[in-house]
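> how does the following fold in three dimensions:
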Amino acid sequence: MVSANGSEVGSSHVTERCTISHKVKEDDVNLFNSLPHVRRLSEFQKDELMGKVVLVRFDSNVLLGEKQDKHAKVFISGLSTIKYLHEAGAKVILISSWSVKTNSKLHSPDSISAYMSSILKLKVVPMKSFPGYELPKMEDLLTPRIYLFENLSKFKEDLANCSKFSEELCSGVDIFVNDAFFQSHKVLASTVGVTSFCYASVAGFQFEEGLVQLKKAFGTKGNPYIAMVGGGNLVEKAAAVQYFVSNADGLIFVGNMAFQIMHALGLPVPKNLVEAGAFKEAIKIIKLANSRNIPILLPKDFWCMNDHLKKRELVPAHCILEGSSPFALGPSSLEEITTLLSNSKKIVWIGPVKFGLSIQDSHGTSILAKVLGKLSQGDCDITVVGNMACKALMGESTISTSCNIIKLAVVVWEFLKGRKLPGLMALDKGYPYRIDWHAIYDDPAKPLLVDIGSGNGLFLFGMASKRKDMNFLGLEMNGKLVKRCLEAVHQSGLKNGYFIETNATSTFRSIVSGYPGKLAFASIQCPNPDFNKPEHRWKMVQRSLIEAIEDLLSSDGKVFLQSDIEAVALRMKQQFLKYGNGKFIIDHQEEWLMENPFGVQSDWEQHVLRRGAPMYRLMLSKSTR
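Numbering: from 1, shown residues only. Here you go, the predicted structure:
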């Protein structure tokens, strides 16, 4: 191998070619700090699911694969999601997309249904139309069934994340369960769009297992930690490679990216192997490695095919000539890789051992798999990402069950680039962990007012300044607004006001139930003030939210509702009276309150009143009768 900062090339040569300065922190920002805590199916008690219609987006690559490992955790957890819902008495509707590549033996919904029935040991019935149009009558809901919707790949609306298509998929549906973690890098109607039309959107057991695999791969420590990176397209994956350089103790390149590093180091590389635009990214990676004093190891020799003589020959890495095509790692390279890996305590291998336009280097892959198989028997923490590498490793008799196998690499690359995964971000932000209320408030025994959909926080800040005898909590889905509000809380030193980024429709109970004091007020003001989409304004006022408020509100508690759209205010009023278990009564004689009873206006309320438009306000009291 050739070290990017070793004796054969020399760091002085690198310095001459790299004129840009680069500083790096020893511990790069932990990617897991950016992952939201999402609500999970495991948090639902079975009695909460009884009679509910649940839409499950499963991953066909996990459950329908032709050569599927039925002992793999992701496969078992995928089945567990469906069985758990069925056993709870829910009506389950399965949706996914598949092709001949997924399983050549499965084509029609009927064949897929029969196959799913066989692996679940439960009857799966194919659906011929959208869920809402084919659901059985209410009297038939007592018999839980599992339905399979037709192949989503037939609908271009899924890839386009069409809102109308998402709404049709959710017609009659109560809860959405995303159990397709390895599709979470995509923006699909069936993973992202549908979350706008269900009162709860949660992670299934397979989705949870995917997050566990990520944490095991990149959230654990072990030194020395070596990252082995295969494949090509350095320009697209540069951010992910920089993550490895910032966190690992060394890098080994076993794919086309090696040629881009070699080219940046000034080594001769055939033009057809140089990736356009990769030079600048390779320079950054080399400088970053040098600043941390970690090695970047590149192949020392290759097996090449001479295009003129049609002859296979062993060529040193710095002697590849034009007209010579490398297709496999040479013996010296494999020997040095083996030596380096043998001394490691943590190894992540992502991407295929592949050079030029050739197929994967099966000989090199096999040798590396044997090395990792033996190391997995000891105390080395090993993760292998990518279908071909995983297939090779699974073929080794010495592989330990503790080895972390992630077959689908795309979502992992996206994660390592620091990009937010749309399928993950669309799920309800939940707070199943304990909230340290004493760290948030000076006195968490004070009565609490929760403003649902707190926006830019103007109402809450005004109330917190006016009423020092109470605590105030804002629940808001817009992360940017929450961040600004929390910065203002910190700068002002406010000790009776706080904000949480969440979808209160499904997380209100889990958050507020742990508050030490009593819930005195809940307010919903001008939900979704969007003139272009007035139908979205009442989506947050779902039955589950109303029931949670009624259950947690103190005996003398109140609910304040207002909107600038009379139809929205009227619907909120009707929903609370309908689903409030008979516990809510209107607190005034007039139909709508003329004045804001708090004397503190929200930003949108001020905007509406400046236009001279009316506000429709309502105060409900919790009745003890």
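
> report the longest strand in the protein, please.
Using DSSP state E to define each element, the chain has its longest strand at strand 553-563.

> partner strands of it and their direction?
Strand 553-563 pairs in its sheet with strand 519-525 (parallel), strand 616-622 (antiparallel), by DSSP bridges.

> mind exporting the last one as PDB, just the C-alpha atoms?
As requested, C-alpha coordinates have been extracted for strand 616-622 and formatted as PDB (Å, rounded to 0.1, in the frame of the first residue of the first chain):
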ATOM      1  CA  TYR A 616     -63.400  33.500  16.300                       C
ATOM      2  CA  ARG A 617     -62.500  32.700  19.900                       C
ATOM      3  CA  LEU A 618     -63.800  30.000  22.300                       C
ATOM      4  CA  MET A 619     -63.000  29.100  25.900                       C
ATOM      5  CA  LEU A 620     -63.900  25.600  27.100                       C
ATOM      6  CA  SER A 621     -63.900  24.500  30.800                       C
ATOM      7  CA  LYS A 622     -63.400  20.900  32.000                       C
END
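
> mind checking the pLDDT average for stretch 78-93?
Averaged over stretch 78-93, pLDDT sits at 94.

> for stretch 360-368, that is, sorry about that
Stretch 360-368 comes out at a mean pLDDT of 86.

> in that stretch, which residues are buried?
For stretch 360-368, a neighbour-count test (16 or more other C-beta atoms under 10 Å) marks Q360, D361, G364, T365, I367, L368 as buried. Just so you know, the C-beta spots here come from the backbone N, C-alpha and C atoms, and that holds for glycine as well.

> farthest pair within those residues?
Q360 and I367 (12.8 Å; C-beta to C-beta).

> show the average pLDDT along the longest strand of the chain.
The average pLDDT within strand 553-563 is 94.

> coming back round to it: how about the buried residues of stretch 360-368 in TSV, adding secondary structure and distance to E168?
What follows is the buried residues of stretch 360-368, written out as TSV (DSSP: H, G, I helix; E, B strand; the rest coil; distance: C-beta to C-beta, whole Å):
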residue	secondary structure	distance to E168
Q360	coil	42
D361	coil	47
G364	helix	49
T365	helix	45
I367	helix	52
L368	helix	48
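
> of these, closest to Q601?
The closest of the buried residues of stretch 360-368 to Q601 turns out to be Q360 (C-beta to C-beta; 64.4 Å).

> make TSV from the strands paired with strand 553-563 and add mean neighbour count to it.
Compiled in TSV, the strands paired with strand 553-563 are given as follows (neighbours: other C-beta atoms under 10 Å):
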stretch	mean neighbour count
strand 519-525	23
strand 616-622	20
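
> redo those as TSV? Include distance to S325 and mean pLDDT.
Below are the strands paired with strand 553-563 laid out as TSV (distance: least, C-beta to C-beta, whole Å; pLDDT from 0 to 100):
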stretch	distance to S325	mean pLDDT
strand 519-525	66	95
strand 616-622	73	94
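
> can you tell me which of the ones you listed comes nearest to L577?
Comparing these against L577 with C-beta to C-beta, the closest turns out to be strand 616-622 (8.2 Å).

> can you list contacts of that closest one?
Contacting residues not belonging to strand 616-622 are listed as 550, 553-566, 568-570, 572-573, 576, 580, 583-588, 592-597 [C-beta atoms under 8 Å, 6 or more residues apart in numbering].

> give me the buried subset of those residues.
The neighbour count (16+ other C-beta under 10 Å) marks 550, 553, 557-565, 568-570, 572-573, 576, 580, 583-584, 593, 596 as buried among these.

> hey, where'd the strands end up in the stretch 51-200 of the chain?
In the stretch 51-200 of the chain, the strands defined using DSSP state E, counting those that start in this stretch lie at 53-58, 91-95, 124-126, 146-148, 175-179, 200-203.
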